[in-house]
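Q: Task: produce atomic coordinates for the following.
(one chain, ligands or ions: 1)
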Amino acid sequence: MPHTDVIIIGGGLSALIAARKLSKHKNVIIFTKSAKTSSNSYMAQGGIAAAIGRGDDWSSHFEDTMAAGCHYNDGDQVRTLVQQGPEYLKQLMEAGLEFDRETDGQMALGKEGAHSRRRILHAGGDATGKAMTTFLFREIQSSVQIIEQEMAVDLVIEQGRCRGIKTIHKDGSVNFHLAEHTIIATGGVGSLYKYTSNHASVTGDGIAMAYRAGVELVDLEFIQFHPTMLYRHGEVLGLVSEAVRGEGACLINENGRKIMDHIHPLGDLAPRDVVARQIFNQIQQGSEVFLDISPVSNFSNRFPTIHRLCQENDLDGSTLLPVIPGSHFLMGGIKTGRGGETSLPGLYAVGEAAWTGVHGANRIASNSLLEGIVFGTLTAENILSKSPSSLVSHPVFPNHHAAAGKLPEKEAIRRMMTEYAGVERDQQGLVKLKAWLEESFDPYAVKSIDKRETAEKVNMMTVAWLITTSALSRRESRGGHYRTDFPFSKSEWGKKRIIRRLHKQAAVI
Ligand code: SIN
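A: Residues are numbered from 1 along each chain as shown. Now for the predicted structure:
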């Protein structure tokens, strides 16, 4: 049976960062379930936030990250992110990674939602993810084996330790691959929703796999909806980066009224959850919402990917882009420590699949690529610091257990999640969604998966159920989790109760 030092599941930025560092000392294999470039990182338009500009410093980046995250973030981890990020970025630039510059050679720094300064680096205008992953693929091409079209479906566990993975190849063959260390880097859950900015292959696989192995998960109810997905005839066509609003574009309704005025002091650049809810509410009230790009100078050069997207969809030359919110990022995930370690020895998680605590209840723009760099590196360093354990003797392979009965179609799962666990939720809808999921699926029964056709659906159902039950149990609103029946955070409720009590006391006096 093949075995190696480190297996990485997924080919996004954090996976490649970890692989690059590890491969100097270890044998590393990356598995991707489709083509290696089928990742959210590859598609990322928005850039990478780093406090490198004149007058900027890590403490300002720290404050902005905490405020956008509703102070639900892990402060120590955020400090690590914003302090170490610029140094790791510098190392990558010294190795040849290039970002856009102004004509005078200075770094071109963009602005995005909830950042108080211009601190977003971009590459190729709005093709930052492609530039970064292409650079890293080149860096690891001779040192890391990449196996494409091989979907990891379960973890192999021996005596309470992760020993590798079970995979199903595109041709249906089932294989086992053993390793001393396994890293989950499978991304988030975007494709559980009807409208999403994510690659279609992002179906929560790593999180579902971890759940089946009893690994600790956290904060799955916190899902970020990106406010501006280009939308026409009932379909989402692609992302319109927040950087466009950073260059002056604004959101208007069909009457031409600016919809972010008076909603938040940062207006169109308010935190994403606030902007997404305002657009959602306008649409619920029957109005279309448009991003007015007329204030943006040199749009086609500055945003070539979005410009192409508009051209392909007969919106060339139009300055009013129809938009709708779409699922974008999962703030929760597999609980990890500073070095990517999970609750299962031998198993690590990085990138969007991991909960590092840096995003709190709502991720600030362009912190995810930075998270990939910082925690991808720290995870690699953690693994390199371990002394070798005796390799696999008798691993326990995941049970060959029939996954489930007839599962709903993916479209039905997406429809139900969008309706009942979307931008806004409430008890009644979540109870209905939970009952619907449990009709055809027992989340406690699935032990392992043997068929590729069902694998994604089982994972989607599993993670949908986890999100739903998490959302049900959080009886408050905070960041990406908005309950219309509990529209305040617990601390806001506390304050309101005190004020009401004071009012009552005042009335008595
Ligand atoms: C965007 O370009 O608006 C997305 C960037 C991000 O999610 O960080």
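
Q: The residue at minimal distance from the centre of the chain: what secondary structure?
A: With distances taken as CA atoms, centre = their mean, F329 lies nearest the centre of the chain, 3.2 Å away. Three-state assignment for F329 (DSSP: H, G, I helix; E, B strand; the rest coil): strand.

Q: Isn't it up against I223?
A: Yes. Contact criterion CB atoms under 8 Å: F329 and I223 qualify, at 7.5 Å. (Glycine included, C-beta is placed from N, CA and C.)

Q: still on that earlier bit, excluding chain neighbours, what is closest to the residue nearest to the centre of the chain?
A: Q224 (4.2 Å; CB to CB, 6 or more residues apart in numbering).

Q: pretty sure that neighbour contacts I364?
A: No. Judged on CB under 8 Å, Q224 makes no contact with I364 at a distance of 10.0 Å.

Q: Point out the residues in the chain that sit beside the ligand.
A: Those residues of the chain that sit near the ligand, judged by CB under 6 Å from any ligand atom, are 45-46, 241-243, 365-366, 368.

Q: what do you get if the cut-off is 5 Å, keeping everything else the same?
A: Contacts of the chain with the ligand, taken as CB under 5 Å from any ligand atom, map to 45-46, 241-242, 365-366.

Q: Looking at those, which has the smallest pLDDT value?
A: Lowest-confidence member of those: G46, scoring 82 (pLDDT).

Q: Let me know the secondary structure of that residue.
A: Put simply, G46 is coil when judged by three-state DSSP.

Q: give the contact list for A210.
A: 155, 184, 217, 334, 342, 344, 347, 349, 353 (CB atoms under 8 Å, 6 or more residues apart in numbering).

Q: what's the spacing between the third one and V274?
A: Yep, that's L217 we're talking about. Noted for L217: a distance of 26 Å to V274, by CB to CB, to the nearest Å.

Q: residues touching the one residue in the stretch 401-509 of the chain that gets nearest to the ligand, list them.
A: Nearest to the ligand, among the residues of the stretch 401-509 of the chain, is G480, at 12.3 Å (CB to the nearest ligand atom). Contact partners of G480, counting by CB under 8 Å, 6+ apart, are 221-225, 273, 331, 361-362.

Q: can you pull the pLDDT of it?
A: Note on G480: pLDDT of 97.

Q: Please apply the same query to the one 3 residues further on.
A: You'll see R483 listed with a pLDDT of 98.

Q: which residue packs closest to it, ignoring adjacent ones?
A: Nearest one to R483, counting by CB to CB, 6+ apart, is S477 at 5.1 Å.

Q: Spit out the contact partners of A108.
A: Counting by CB under 8 Å, 6+ apart, the residues that A108 touches are 99-102, 121-122.

Q: To clarify, my last question referred to L266.
A: With CB under 8 Å, 6+ apart, L266 has these contacts: 113-114.

Q: next one: M331
A: Counting by CB under 8 Å, 6+ apart, M331 touches 69, 219, 222-224, 355, 359-363, 479-480.

Q: I'd guessed I207 sits against I334; true?
A: Yes. Assessed by CB under 8 Å, I207 is found in contact with I334 at 6.3 Å.

Q: hey, what's in contact with both of these two?
A: Counting by CB under 8 Å, 6+ apart, the contacts common to I207 and I334 are 217, 353.

Q: Between those two, point out the one with more neighbours.
A: Using other CB atoms under 10 Å, the more surrounded residue of I207 and I334 is I207, with 31 against 27.

Q: pretty sure the more buried one belongs to a helix, no?
A: Yes. With three-state DSSP as the criterion, I207 is part of a helix.

Q: and the nearest residue to it once chain neighbours are set aside, what helix or strand is that in?
A: Counting by CB to CB, 6+ apart, I207 lies nearest to V463, which is 5.4 Å off, once chain neighbours are set aside. Per DSSP states H and E: V463 is located in helix 452-473.

Q: buried set for that helix?
A: Judged by neighbour count using 16 or more other CB atoms under 10 Å, the buried positions of helix 452-473 are 452, 454-472.

Q: Who does I334 form a beta bridge with?
A: L217, A354 (DSSP bridges).

Q: Give me the pLDDT value at it.
A: 98.

Q: isn't it right next to L220, touching?
A: No. Applying CB under 8 Å, one finds I334 not in contact with L220, separated by 10.0 Å.

Q: how near is the residue nearest to I207 to D273?
A: 20 Å.

Q: so how far is V189 from H199?
A: 12 Å.

Q: between the two, who's got more neighbours?
A: Taking other CB under 10 Å, H199 and V189 do not tie; V189 has more neighbours (30 against 19).

Q: need the contact list for the residue nearest to the more buried one when sequence neighbours are not counted.
A: Closest residue to V189 apart from its sequence neighbours, by CB to CB, 6+ apart: G204 at 4.2 Å. By CB under 8 Å, 6+ apart, G204 lies in contact with 186, 188-189, 191-192, 459-460, 462-463.

Q: and what of L239?
A: By CB under 8 Å, 6+ apart, the contact set of L239 is 43, 45, 197, 226, 228-230, 306, 326, 328.
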